[in-house]
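got a sequence here, can you model it:
(2 chains)
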There are 2 protein chains.
Amino acid sequence: MVEASFMDDLKQEIDRGIKELLWGKEPATLYEPMYYLFESGGKRIRPILVILSCQAVGGHLHNCLPAALSVELLHTFTLIHDDMMDHDDLRRGRPTVHKCWDEGIAILAGDGLVTLAYQTLLKNSHPKLTEVVQIFTNGLFEICEGQALDMAFESRDTITVDEYHRMITKKTARLLQVSCEIGVILGNGSEDERELLGRFALQLGRGFQIQDDLLDILSNQRILGKPQGSDLTKKKKTYPVIHFLQHASAEAIETFRSYWGIQQMKPDHLDHIIQLFHQAGTLDEVQKEVDVHFQSAKQALEGFPSAPGGRDLNLLLDSLWSRVS
Amino acid sequence: MVEASFMDDLKQEIDRGIKELLWGKEPATLYEPMYYLFESGGKRIRPILVILSCQAVGGHLHNCLPAALSVELLHTFTLIHDDMMDHDDLRRGRPTVHKCWDEGIAILAGDGLVTLAYQTLLKNSHPKLTEVVQIFTNGLFEICEGQALDMAFESRDTITVDEYHRMITKKTARLLQVSCEIGVILGNGSEDERELLGRFALQLGRGFQIQDDLLDILSNQRILGKPQGSDLTKKKKTYPVIHFLQHASAEAIETFRSYWGIQQMKPDHLDHIIQLFHQAGTLDEVQKEVDVHFQSAKQALEGFPSAPGGRDLNLLLDSLWSRVS
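As a prediction, this is how the structure comes out:
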């Protein structure tokens, strides 16, 4: 990801805040696994969205930093619990929390993070704080619903594109929307600004997730921090798979199914799958779908041309659009 | 437990509210495991404490019902996740959620419940709602810390009585205190009333938990809804065990250690342990400790002699004090 320097600065600010909340605290059995994933990297997209949205409507960093930290804490909670539910061994190039410690510790670390997210959010002082907490909570509930849908998809043969979109909207895109909306509210933005930046983030989130599905197939382990094709190994109904199963020839599908779900996928298998997806027009179509969402997100930003936050949101969008991991 | 009829009425009100939130909702993969434990019984002590505390300071049921439901939702979340961490197979006479479904579903059901707890709490309209959410959140964080301490105790040889008290205060007693404090605030009670009922609940919670440790040894499976002696099987450092290890003869301790942690504990073993505990004076001392806390809770209630809520809090206390399961 090409990162503008303002993003580096914000990341440092966010990481300092997170460290202050978690580092060296007791009981260590709770705090160490809570902090672990923050040391493994991560883009900090959600807290950056809070801050830039706040700035885009004229607010300042100090108006929204606790809220920014709280959405990152919440996001990290979902990563820890999702990794357990999905039986993932690697995250950001390191063993997942339940692999590094055990499942009990990982459950509790997640529970601790969601609680700390609320504690931190409640540090903001703003007349609309109750509304902010409500938006945050409704977003969290949708994440749970999205994860439930994702898990329910596992046992089903076919998933429609609509069902897929509903799932990723809840599981991924809504928290990005929540981040922007909270930033706008804490920056004392208008209802229109909230609607606009909310729409921007929703589209950004959808584009981001579909792109994630694509990168899982196309990008390599060193860059991803997890094995290439790990969604294929787990037979996830990702957007590329859904498209391929709907549009490829019966013969191509049969070949694909012989690889799909294999535990130790070899580079040859992956290359073959990529070739099949290419021939069925899936890679092009999925990239087109990614572009549609990012383009639509960009349009929503047109209302914020000159403000510094608006410019930076555009830069953030571009850097995500062109990412390779 | 001898239950006064007002408690039956409140339980019905609470169960109706919980059912309305959870029953028959979609996605079923999320809502069914969230609702499951509510159908297995439970005393509903925490929501009853919210309501009675609210009434004790002059408030009404409708001022605090959502908050009452939210503490029960929160409590149920902790049961589901704790059962996983403690590898428990039975709860309230039925398989635990992760046994009935699987671990992924149970993690998510817990996450869904804690979120719904916040959603429900936020339905209260009160000028001090932010403070209520803060108290609720701080209580939740202490529960996580308490669970972390409890898990950390497992790998240690000896635990002091002070450490034990610190753990149960966080893991069990604080949520009872939080329940009463929230009830007082929503009923527009004074700071003094909040302090008094908070103290009452803290002592009630400590007495309740130590009694729980004792009942695990003395009460049978049919009444408990889980195997008698299950804490002993898991080598939990309960209050009776801590007392026994500090006060029994070396010979008695050696005999006890030969049973402690056995997976399939036979009635003979349990009878022998009970005999050893009796001889060491542990059973009497633990009951005395239970009584000290309940007595102290009763004293805190003396400020509320005539109000209906105060009278009912006394009845609740008495029914818990004399419980056999």
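
give me the next element, helix or strand, following the lowest-mean-pLDDT helix or strand in chain A.
None of the helices or strands of chain A scores lower by mean pLDDT, DSSP states H and E than helix A:221-224, at a mean of 65. Next along the chain after helix A:221-224, taking DSSP states H and E as the criterion, comes helix A:230-233.

so what does that next one touch, helix or strand wise?
Judged by 3 or more CB pairs under 8 Å, 6 or more residues apart in numbering or on different chains; DSSP states H and E, helix A:230-233 is in contact with helix A:191-218. Where C-beta positions appear, they are placed from N, C-alpha and C, glycine not excepted.

chain center to the helix it packs on, what's the gap?
Centroid separation for helix A:191-218 versus its chain: 9 Å, with CA atoms, centre = their mean, to the nearest Å.

got it, and stretch A:242-259?
28 Å.

contacts for it?
The contact list for stretch A:242-259 (CB atoms under 8 Å, 6 or more residues apart in numbering or on different chains) reads A:158-161, A:164, A:232, A:265, A:269, A:272-273, A:276-277, A:279-282, A:285-286.

let's see that with 6 Å instead.
A:I159, A:Y164, A:H269, A:I273, A:L276, A:F277, A:A280, A:T282, A:E285 (CB atoms under 6 Å, 6 or more residues apart in numbering or on different chains).

just the C-alphas of that stretch, formatted as PDB.
Output in PDB follows, covering the C-alpha atoms of stretch A:242-259 (Å, rounded to 0.1, in the frame of the first residue of the first chain):
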ATOM      1  CA  ILE A 242     -19.500 -17.200  -6.500                       C
ATOM      2  CA  HIS A 243     -18.900 -15.600  -9.800                       C
ATOM      3  CA  PHE A 244     -16.900 -18.500 -11.200                       C
ATOM      4  CA  LEU A 245     -19.500 -21.100 -10.200                       C
ATOM      5  CA  GLN A 246     -22.200 -19.100 -11.900                       C
ATOM      6  CA  HIS A 247     -20.300 -18.300 -15.200                       C
ATOM      7  CA  ALA A 248     -17.700 -21.000 -15.900                       C
ATOM      8  CA  SER A 249     -18.200 -24.100 -18.000                       C
ATOM      9  CA  ALA A 250     -19.300 -27.300 -16.300                       C
ATOM     10  CA  GLU A 251     -15.900 -28.800 -17.200                       C
ATOM     11  CA  ALA A 252     -13.900 -25.900 -15.600                       C
ATOM     12  CA  ILE A 253     -16.100 -26.000 -12.500                       C
ATOM     13  CA  GLU A 254     -15.500 -29.700 -12.200                       C
ATOM     14  CA  THR A 255     -11.700 -29.100 -12.300                       C
ATOM     15  CA  PHE A 256     -12.000 -26.300  -9.800                       C
ATOM     16  CA  ARG A 257     -14.000 -28.400  -7.400                       C
ATOM     17  CA  SER A 258     -11.200 -31.100  -7.400                       C
ATOM     18  CA  TYR A 259      -8.900 -28.400  -5.900                       C
END
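
mind checking the SS state of the residue lying closest to A:L197 once chain neighbours are set aside?
Nearest residue to A:L197, sequence neighbours excluded (CB to CB, 6 or more residues apart in numbering or on different chains): A:C180, at 4.2 Å. Three-state assignment for A:C180 (DSSP: H, G, I helix; E, B strand; the rest coil): helix.

residues contacting A:C180?
A:L49, A:S53, A:L197, A:G198, A:A201.

please repeat the previous calculation with a cut-off of 10 Å.
Applying CB atoms under 10 Å, 6 or more residues apart in numbering or on different chains to A:C180 gives the contacts A:46, A:49-50, A:52-54, A:56, A:189, A:193-194, A:196-202, A:204-205, A:300, A:313.

what's the answer for A:K123, then?
A:K123 makes contact with A:L65, A:P66, A:A67, A:L69, A:S70, A:L129, B:Q134, according to CB under 10 Å, 6+ apart.

which of the residues you listed sits closest to A:T120?
Nearest to A:T120, judged by CB to CB, of the contacts of A:K123 is A:S70 at 4.2 Å.

so which helix or strand takes in that closest one?
Here A:S70, judged by DSSP H and E, is contained in helix A:61-85.

direction-wise, compare that helix with helix B:61-85 and give the angle.
Helix A:61-85 runs at 50 degrees relative to helix B:61-85, counting by axes from the mean of the first three to the mean of the last three CA atoms, to 10 degrees.

distance from the chain centre to helix A:61-85, please.
The chain centre lies 11 Å from the centre of helix A:61-85; the measure is CA atoms, centre = their mean.

now it: buried residues?
Neighbour-count burial for helix A:61-85 flags A:63-85 (criterion: 16 or more other CB atoms under 10 Å in any protein chain shown).

run through these and flag the ones next to chain B.
For chain B, the contacts drawn from these by CB under 10 Å from any CB of the partner chain are A:F77, A:T78, A:I80, A:H81, A:D82, A:M84, A:M85.

what's the closest non-adjacent residue to the first one?
If I follow you right, that is A:F77. Nearest residue to A:F77 in three dimensions, chain neighbours excluded: A:L113, at 3.8 Å (CB to CB, 6+ apart).

contact partners for the one you found?
When contacts are counted by CB under 10 Å, 6+ apart, A:L113 touches A:21-22, A:30, A:33-35, A:37-38, A:70, A:72-81, B:144.

surely it is within a helix?
Yes: A:L113 sits within a helix when classified using three-state DSSP.

for the stretch 151-300 of chain A, which residues score under the pLDDT cut-off?
Along the stretch 151-300 of chain A, the parts satisfying pLDDT under 70 run over A:221-224.

what residues does it have near chain B?
Residues of the stretch 151-300 of chain A lying near chain B (CB under 10 Å from any CB): A:M151, A:A152, A:E154, A:S155.
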